[in-house]
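Student: Model the structure of this input:
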Amino acid sequence: MIIFVALSFSPILVYPVEFFLMIKIFVYLGYRKIDEMAVLYNSNRRLIFETVARNPGINFNTLMISYGINRGVLQYHLHILELKGKIVRFHTAKSEGYFENSGRWGNLEKCIFIHMRNSTTKKILGILSDSREITRKEIAEILGVSGPSITWHTNRLSEDGIITITRNGRDASFRLSHDAARSIRGLSRALQSPVFSGQAHADQAV
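Tutor: All right, here's what the predicted structure looks like:
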């Protein structure tokens, strides 16, 4: 509350559009103390929480599009869920996703879940989980995807420590890092599905 009062006198301190949008939503919905037992009484908030719990790593835009929830309303409910410790927002090098705050997944597992939300990246990880090492050209031929697209996906995976890249002239070869291979095996057993083939729909395909 102190932060909101302070910001009300200095809106220039935040992104103006986001600030006024949040003020509008808080005025409309009412900002009140919500105890731990009542946090899920609101039907929209409960739906958001249940969706996050079923879809680890889901991102903001997918939540908004899937249920047709207004951006400001979704921001409000996610804020309440984070504030009350029901969910956590996790950042990778280039992306972010939401998780139930259950302590079930470590940071590397969360990274993998977020990358798995992209259908092409998910396929690449599926190929790598079955191979000790494979080249960019081989992956491109298997998936029918261009070499530059494979590079885009694999660079993001490398930045988050999920794969290692060995460069050989103009081509490159990839393999899962030791920790990522172990995590994927554990996640596959936990989800009873090889490389999460039964995971909810991906957020995007590139």
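
Student: so what's residue 181 up against?
Tutor: residue 129 (Cβ atoms under 8 Å, 6 or more residues apart in numbering). For every residue, glycine as well, the C-beta is placed using N, CA and C.

Student: now do residue 174
Tutor: Contacts were defined as Cβ under 8 Å, 6+ apart; by that measure residue 174 touches 128, 133-136, 139, 154, 163-166.

Student: can you check residue 51 too?
Tutor: Neighbouring residues of residue 51 by Cβ under 8 Å, 6+ apart: 58, 63, 66-67.

Student: mind listing what's buried in the host helix or strand of residue 188?
Tutor: Taking DSSP states H and E as the definition, residue 188 sits inside helix 178-190. Residues of helix 178-190 classed as buried by neighbour count (16 or more other Cβ atoms under 10 Å): 180-181, 183-184, 187.

Student: which intervals of this structure have sub-threshold pLDDT?
Tutor: Across the chain, the ranges flagged by pLDDT under 70 are 1-37, 192-206.

Student: please redo it, this time with the cut-off set to 50
Tutor: Along the chain, the model assigns pLDDT under 50 to residues 3-7, 11-12, 14-15, 17, 19, 27-29, 31-32, 198, 200-201, 205-206.

Student: would you list every one of the strands in the protein?
Tutor: Along the chain, counting by DSSP state E, strands occupy 87-91, 96-100, 134-135, 163-168, 171-176.

Student: any chance of the ones you listed in CSV, plus distance to residue 112?
Tutor: Listed next are the strands of the chain as CSV, based on distance: least, Cβ to Cβ, whole Å:
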stretch, distance to residue 112
strand 87-91, 11
strand 96-100, 11
strand 134-135, 18
strand 163-168, 11
strand 171-176, 10
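
Student: quick revisit: buried ones only from the contacts of residue 51, please, as a PyMOL command.
Tutor: To isolate the buried members of those in PyMOL, using 16+ other Cβ under 10 Å:
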select buried, resi 58+63
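
Student: can you redo the contacts of residue 51 as TSV with distance to residue 79?
Tutor: Formatted as TSV, those follow (distance: Cβ to Cβ, whole Å):
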residue	distance to residue 79
58	16
63	13
66	19
67	17
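
Student: right, and residue 45 touches residue 39 too?
Tutor: Yes: proximity of residue 45 to residue 39 meets the contact threshold set by Cβ atoms under 8 Å, at 6.9 Å.

Student: So those two - more neighbours on which side?
Tutor: residue 45 (22 against 18; other Cβ atoms under 10 Å).

Student: OK, contacts around the residue nearest to residue 110 when sequence neighbours are not counted?
Tutor: Leaving aside its sequence neighbours, residue 110 sits nearest to residue 90 (Cβ to Cβ, 6 or more residues apart in numbering; 4.5 Å). Residues near residue 90 by Cβ under 8 Å, 6+ apart: 57, 96-99, 107, 110-111, 114.

Student: Which member of these is positioned nearest residue 173?
Tutor: residue 111 (21.3 Å; Cβ to Cβ).

Student: Surely the closest one touches residue 159?
Tutor: No: counting by Cβ under 8 Å, residue 111 does not reach residue 159; the two are 9.7 Å apart.

Student: These two: which is more packed in?
Tutor: The neighbour count for residue 111 versus residue 159, taken as other Cβ under 10 Å, is higher for residue 111 (25 against 13).

Student: ok, residue 107 to residue 90 distance?
Tutor: 7 Å (Cβ to Cβ, to the nearest Å).
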